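Student: Here you go, sequence then predicted model.
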Amino acid sequence: MTVIIEQLDETRDISDTDLKLLIETKQYDHELFQHADRVRKEYYGTDVYVRGLIEFTNYCKNDCFYCGIRRDNRNLERYRLSKDEILSCCKIGYRLGYRTFVLQGGEDPFYTDERICEIVSEIRTKYTDCAITLSIGEKPYKSYETFFKAGANRYLLRHETADAEHYTKLHPAEMSLENRKNCLKNLKTIGYQVGSGFMVGSPFQTTDCLIKDLRFLQQLEPAMIGIGPFIVHRETPFNYFKNGDLQLTLRLIGILRLMFPYALIPATTALGTADPQGREMGLRAGANVVMPNLSPVEVRKKYELYDNKICTGDEAAECRACLSRRVSSAGYKIVTNIGNVRPLKEA
Ligand code: SAH
């Protein structure tokens, strides 16, 4: 196994057979994480970048089987933030030193392209030194292009799974992996810094699915790769499944760091939900980004993609201090710059 990890570290690639072995073997995690941490330090030192997450709508026209804010969940109070509310989140974030704002939401038709552009342009005018990230799902090429022209420069769209058959088991028939991939291609063509990724341990996922996920990411070469364990939401068709495995998620973060040394890899909220120390463990396994919640405290509970999502209570109003402590306890430090991706160093 040592040889496999060393080879992956050196060449950033391994065969499907070795990948399968690595994904399915527990006892070499320590060694894997040591390699991953060395590579992350080579590229990013101990820096951890921050992205302020603004969850601006929990309305969604989609019905993804795993997601708590899916259309068919009638047991959820829906909300939308106004432009002014979004702007005050940015103001708070800016004061805290955040230089990237991520506007995430369900696919909510209320926010027409025009409305999104208005919001984006205003943030762009007020915060010239910040990155604006959108995470609002699948849109036509034209829409992505107008958002870009209005000032958005990054986009997060996880591919969720790169196995077409698995994709159909996680999504209703009107959604397809092909369309998802096409959106990602379009975003790259337009010039966005793109983030993609997948859930670990989603229902029906196999090791072969995970290998396909990694191979797809090798083709896409995204700037950011976000992964987190699948976590059950009680009001979904997947309510009787098991949560994704924490250790497997950490192992995949380690593998991602070696395959994509340059990448921005967040220690996600889902990791922090799976285990109180999940994000710290994620950082030690190779992650280098955290995404504190900037949404108004009153709405946080309503953006519940999965059960028991952390940082939704009153005590979480000050995510900044809590995260700084967590990051330094893991041996890293939060930095307050825009946090761009580093270029790949040639061997
Ligand atoms: N509508 C946007 C944002 C989706 S929410 C979009 O389509 O991109 C952001 C991410 O949360 C999703 O991409 C998914 O990977 C993750 N997510 C949703 N439900 C989840 C669950 N039950 N457990 C873990 N992660 C989940």
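Tutor: Happy to help now that I have it. Residues are numbered from 1 along each chain as shown.

Student: what does the stretch 51-200 of the chain have sitting close to the ligand?
Tutor: Within the stretch 51-200 of the chain, the positions near the ligand by C-beta under 6 Å from any ligand atom are 66, 67, 104, 106, 107, 135, 136, 137, 157, 158, 160, 199. C-beta here means a position set from N, CA and C on the backbone, and glycine is covered the same way.

Student: Could you verify that the last one is part of a helix?
Tutor: Translated: residue 199. No. Counting by DSSP: H, G, I helix; E, B strand; the rest coil, residue 199 is not found in a helix; it is strand.

Student: That one against residue 64, yeah?
Tutor: No. Under the criterion of C-beta atoms under 8 Å, residue 199 makes no contact with residue 64, lying 10.4 Å away.

Student: Adding secondary structure, neighbour count and distance to residue 261, write the residues of the stretch 51-200 of the chain next to the ligand out as CSV.
Tutor: What follows is these, written out as CSV (DSSP: H, G, I helix; E, B strand; the rest coil; neighbours: other C-beta atoms under 10 Å; distance: C-beta to C-beta, whole Å):
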residue, secondary structure, neighbour count, distance to residue 261
66, coil, 21, 30
67, coil, 22, 31
104, strand, 19, 27
106, coil, 25, 34
107, coil, 17, 33
135, strand, 18, 24
136, coil, 21, 29
137, coil, 19, 29
157, coil, 24, 22
158, coil, 19, 21
160, strand, 22, 24
199, strand, 25, 23
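
Student: all helices of the stretch 101-250 of the chain, in order?
Tutor: Remark: helices assigned in the stretch 101-250 of the chain by DSSP state H, counting those that start in this stretch are 113-126, 141-150, 164-170, 177-190, 207-220, 246-259.

Student: so which of those gets nearest residue 322?
Tutor: helix 246-259 (19.9 Å; C-beta to C-beta).

Student: other SSEs contacting the next helix or strand after that closest one?
Tutor: Proceeding N to C from helix 246-259, the next assigned helix or strand is helix 269-274, under DSSP states H and E. Under the contact definition 3 or more C-beta pairs under 8 Å, 6 or more residues apart in numbering; DSSP states H and E, helix 269-274 sits against strand 224-229, helix 246-259, helix 278-284.

Student: near the ligand, anything from helix 269-274?
Tutor: Yes. Applying C-beta under 6 Å from any ligand atom, one finds helix 269-274 touching the ligand at residue 270.

Student: Distance from that helix to the middle of the chain?
Tutor: 12 Å (C-alpha atoms, centre = their mean, to the nearest Å).

Student: rewinding a little: what do residue 199 and residue 64 both touch?
Tutor: Residues touching both residue 199 and residue 64 by C-beta atoms under 8 Å, 6 or more residues apart in numbering: residue 160.

Student: if we can go back for a sec, tell me which of the helices and strands packed on helix 269-274 sits nearest to residue 85.
Tutor: Closest among those, using C-beta to C-beta: strand 224-229, at 24.9 Å.

Student: Who are the packing partners of the closest one?
Tutor: strand 154-156, strand 193-200, helix 246-259, helix 269-274.

Student: any bit of it sitting next to the ligand?
Tutor: Yes. Contact of strand 224-229 with the ligand (C-beta under 6 Å from any ligand atom) involves residue 228.
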